[in-house]
Structure formats: C-alpha cells, structure tokens
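Asker: show me how the following folds:
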Amino acid sequence: MQLIKYFILFLILVSSSLIGRFLSKRYLYRLEELEEMNSALNVFKSKIKFTYEPIPEIFKEISENTNKNIGNIFLSAKEKMKYNNANIAWESALKESNTNLKEEDKQILKNLSKMLGQTDSEGQISQIEITQNFLETQIKDAQQEKQKNEKLYSRLGTTIGLAIVIILI
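Answerer: Modelled structure (predicted):
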C-alpha cells in the first residue's frame, strides 16, 4: 500500500513538472514563430522585388520552406486567394491559424493585408517593411518574456508538485 502511495506522489510531481515545462515552452515557440514569420516576409519582399511572381505562387513557395505553423498560414492564404482577393485571404488565414502568436502579433500581421495585391510592387514592399519593423519590436518583447517567464513556469510547476506531495504525505 505504501508503495502505491509513493508511486502516485511521484506521478503527481512528474506531471506538475511537465505541465510547468509545457507552459514555459509557449514563450519559446512564440519567439520562434515570430522570427520565422520575419524570415518569410523577407523572402516575400525579395520575391516581389526581383521575380515579379504572382502572390499565390510566392505564398506556396514560402509555405513549403517554413515551419509548419507559419507555413500553414501562407498555404491557407494561397488557397483562399482562389475565391477572394489577397487582403481578405491573408486576414482570413491569420484568423484561422493555429499558432503560438498572440492576438497583437496577428493584428500587426493583418496590417500587411492593407496593400496586399492592391498596389504596385513598391507599395507592397513598403508595407512589408513596415510590418517587419513592428515584428522586430514584437520579437524583442517575446525575447524578454521568454527570459522572464520560461524559468518561472518551469520552476513553478515543480514547486507546486512538491507542495502537493508534501501536503499529501
């Protein structure tokens, strides 16, 4: 009986530690996705400037060369461009995306849709650059949040687990 009790206490400690680590990883994933989006926008800007490919083709290529979450945004936008114009497709893809990005990150990315497919290449490039400047600020904020909160949640999970174990002993 005593062995079962200690095994359950051990499971409580391990599960609470894992929950804490899972919560702490959200900050890392958000930072990675923001950096990936910034890189994807760089590719987008270069393609518009030098190749003059249509936006759906550029989005398809970006979706194939980026990580899953960010790639899915571009792929979804490409698919939606079959039925809608580029700005509506982009906003819809962002709204439906399943990422670690905060709502304010998505709002910054939605600003990109203002001139997407509406103006000449120079107007689109300038809008991408503006969006990238805002993303840089978000990346810095995400780095600070990661440094501050990653260890906190990891240790908090373990501490809460230990507290529960001590109470149950």
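Asker: and Ile164, which helix or strand is it part of?
Answerer: helix 121-168 (DSSP states H and E).
Asker: tell me which strands and helices that helix is in contact with?
Answerer: helix 2-50, helix 103-110 (3 or more Cβ pairs under 8 Å, 6 or more residues apart in numbering; DSSP states H and E). To be clear about C-beta, it is placed using only N, CA and C from the backbone, and glycine gets the same treatment.
Asker: apply 6 Å and report the result again.
Answerer: Under the contact criterion of 3 or more Cβ pairs under 6 Å, 6 or more residues apart in numbering; DSSP states H and E, the helices and strands touching helix 121-168 comprise helix 2-50.
Asker: state the next helix or strand along the chain beyond the helix it packs on.
Answerer: From helix 2-50, the next helix or strand downstream (DSSP H and E) is helix 55-65.
Asker: re earlier: how far off centre is the helix holding Ile164?
Answerer: Distance of helix 121-168 from the chain centroid (Cα atoms, centre = their mean, to the nearest Å) equals 10 Å.
Asker: report the angle between it and helix 2-50.
Answerer: Relative orientation of helix 121-168 and helix 2-50, computed by axes from the mean of the first three to the mean of the last three Cα atoms, to 10 degrees: 170 degrees.
Asker: what sits against Ser76?
Answerer: Listed by Cβ atoms under 6 Å, 6 or more residues apart in numbering, the contact partners of Ser76 are Ala93.
Asker: may I ask which helix or strand encompasses it?
Answerer: With DSSP H and E as the test, Ser76 turns up in helix 68-80.
Asker: what angle do helix 2-50 and that helix make with each other?
Answerer: Calculated by the same axes, to 10 degrees, helix 68-80 forms an angle of 50 degrees with helix 2-50.
Asker: list the buried residues in helix 68-80.
Answerer: Buried residues in helix 68-80, counted by 16 or more other Cβ atoms under 10 Å: 69-78, 80.
Asker: now stretch 27-47
Answerer: Residues 27, 29-41, 44-45, 47 are the ones in stretch 27-47 that count as buried (16+ other Cβ under 10 Å).
Asker: quick one: contacts of that stretch?
Answerer: By Cβ under 6 Å, 6+ apart, stretch 27-47 touches 53, 58, 62, 66-67, 69-70, 99-101, 125, 128, 132, 135, 138-139, 142, 145-146, 149-150.
Asker: now the buried members of those.
Answerer: Buried members of the contacts of stretch 27-47, scored by 16+ other Cβ under 10 Å, are 58, 62, 66-67, 69-70, 99-101, 125, 128, 132, 135, 138-139, 142, 146, 150.
Asker: the buried residues of helix 68-80: which two are farthest apart?
Answerer: Farthest pair in those (Cβ to Cβ) is Asn69 and Lys80. Separation: 16.9 Å.
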